[in-house]
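> A structural model of the following input is requested.
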Amino acid sequence: MILAIASGKGGTGKTTVAANLAVCLPEPVHLLDCDVEEPNCHIFLNPEIKSTERFTLPFPTVDENRCNGCGECSNICQYNAIVSLKSKPLVFPELCHGCGGCSEVCPEEAITEAKREIGTISSGTWRHITFVQGLLDVGQSLSPPLIRAVKQHCGTNGITIIDCPPGTSCPVIAAVTKSDYVVLVSESSPFGLHDLDLAVDTMRKLDLNFGVVINRVSSLDHRVADYCRNAQIPILLEIPDDRKAAEAYSQGLLLVESVPGFRELFERLYNRILSESSQNRKPTPENKRDFEDIA
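Model (predicted):
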């Protein structure tokens, strides 16, 4: 089972839910930190990192002696990473998504691929958890390819938990695509409700099963819970606004191991996820568009 933990905005407690849920599960767990611009699952787990590898992305290089300036490479590129204006093409590696289309259509076979490093993938273990993290290099902006590379470490048995980037843009789509179930983490605030609505719309467009965890539940603000009930969205768990939990979080401690009652909360969350995912499982049409490939 592949379980994605996502949120419409940052700061809702998405990583807290992902890390604590992974610790509670009795079966082998793969925890993939796909929030590659700011990964922080390791703060709570402190895993033993056993391997680190650089991740590279291909980009085109042009042999100007063979190029005839036909512009076919420029026409096929949807990201303007290679541009030909009746002259030899100009290449902008930072815009290239590495699809290889330009080299395929070049009639003169003037385009070959070079590699550029954009990030790092680290792997390790912590107790029963296999931990994998992606970290995008400073100054790089193209995170979906690195996210997809991290997702190649999904386990073949047990459960895989993906800590997704916040928001609803391309990195999030790359992270949640092909998940069996998505947990959207929100908070009891006007901003939490606004961004949850965006995330819900995204999940529905991707035709993914999902439910909501409401973090830092306030007795004075019920708008997120009311929204979920009106929209018939399962509320998987309501996490109380607990000072002890805030103190533990600020010290990088796991709630399930430092705050009484929280292990039971997250065990109940997992059981609810299993129930919801089995009831609402949808067959994937063979011709369904793979959003991950265009993210």
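
> end-to-end on stretch 248-266?
16 Å (C-alpha to C-alpha, to the nearest Å).

> Now do the buried residues in it.
Along stretch 248-266, these residues count as buried under the neighbour rule (16 or more other C-beta atoms under 10 Å): 248, 249, 254, 255, 256, 259, 262, 263, 265, 266. (Glycine included, C-beta is placed from N, CA and C.)

> again with stretch 26-39
For stretch 26-39, by 16+ other C-beta under 10 Å, it's 29, 30, 31, 32, 33, 34, 35, 36, 37, 39.

> quick one: that stretch to chain centroid distance?
9 Å (C-alpha atoms, centre = their mean, to the nearest Å).

> For it, the averaged confidence score.
For stretch 26-39, mean pLDDT rounds to 93.

> so can I have CSV of the buried residues of stretch 248-266 showing pLDDT?
Converted to CSV, the buried residues of stretch 248-266 look like this (pLDDT from 0 to 100):
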residue, pLDDT
248, 94
249, 92
254, 95
255, 95
256, 95
259, 94
262, 95
263, 95
265, 94
266, 96
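
> which pair in those residues spans the largest distance?
By the measure C-beta to C-beta, 249 and 263 form the most distant pair in those, at 15.3 Å.

> Among the buried residues of stretch 248-266, which ones are in helices?
Secondary structure from DSSP state H places 248, 249, 255, 256, 262, 263, 265, 266 of these in helices.

> Excluding sequence neighbours, find me the nearest residue to the fifth one.
Nearest residue to residue 262 in three dimensions, chain neighbours excluded: residue 255, at 4.3 Å (C-beta to C-beta, 6 or more residues apart in numbering).

> could you check the distance from residue 191 over to residue 240?
20 Å (C-beta to C-beta, to the nearest Å).

> ok so, going back, kindly indicate which of the buried residues of stretch 248-266 lies nearest residue 131.
residue 254 (13.7 Å).

> ok, that closest one - contacts?
19, 20, 23, 44, 45, 248 (C-beta atoms under 8 Å, 6 or more residues apart in numbering).

> Distance-wise, check it relative to residue 265.
12 Å.

> how about the contacts of residue 254, which pair is most distant?
45 and 248 (14.1 Å).

> phi, psi of the nearest residue to residue 26 once chain neighbours are set aside?
Leaving aside its sequence neighbours, residue 26 sits nearest to residue 128 (C-beta to C-beta, 6+ apart; 7.9 Å). With angles defined as degrees, to the nearest 10, residue 128 sits at phi -90, psi 10.

> circling back: by neighbours, which of the contacts of residue 254 wins?
Using other C-beta atoms under 10 Å as the neighbour criterion, residue 19 leads the contacts of residue 254 with 28 neighbours.

> wait, isn't it in contact with residue 33?
No. Between residue 19 and residue 33 there is no contact under C-beta atoms under 8 Å: 9.1 Å.

> who touches both of these two?
With C-beta under 8 Å, 6+ apart, residue 19 and residue 33 have common neighbours 41, 163.

> give me the low-pLDDT residue ranges for this protein?
The model of the chain has pLDDT under 70 over residues 280-295.

> Which parts of it are helices?
14-24, 41-45, 72-76, 101-105, 144-151, 170-176, 190-205, 223-230, 243-250, 255-258, 262-279.

> In JSON lines, list those helices along with distance to residue 119.
As requested, the helices of the chain are exported to JSON lines (distance: least, C-beta to C-beta, whole Å):
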{"stretch": "helix 14-24", "distance to residue 119": "18"}
{"stretch": "helix 41-45", "distance to residue 119": "15"}
{"stretch": "helix 72-76", "distance to residue 119": "26"}
{"stretch": "helix 101-105", "distance to residue 119": "23"}
{"stretch": "helix 144-151", "distance to residue 119": "5"}
{"stretch": "helix 170-176", "distance to residue 119": "12"}
{"stretch": "helix 190-205", "distance to residue 119": "24"}
{"stretch": "helix 223-230", "distance to residue 119": "34"}
{"stretch": "helix 243-250", "distance to residue 119": "27"}
{"stretch": "helix 255-258", "distance to residue 119": "29"}
{"stretch": "helix 262-279", "distance to residue 119": "30"}
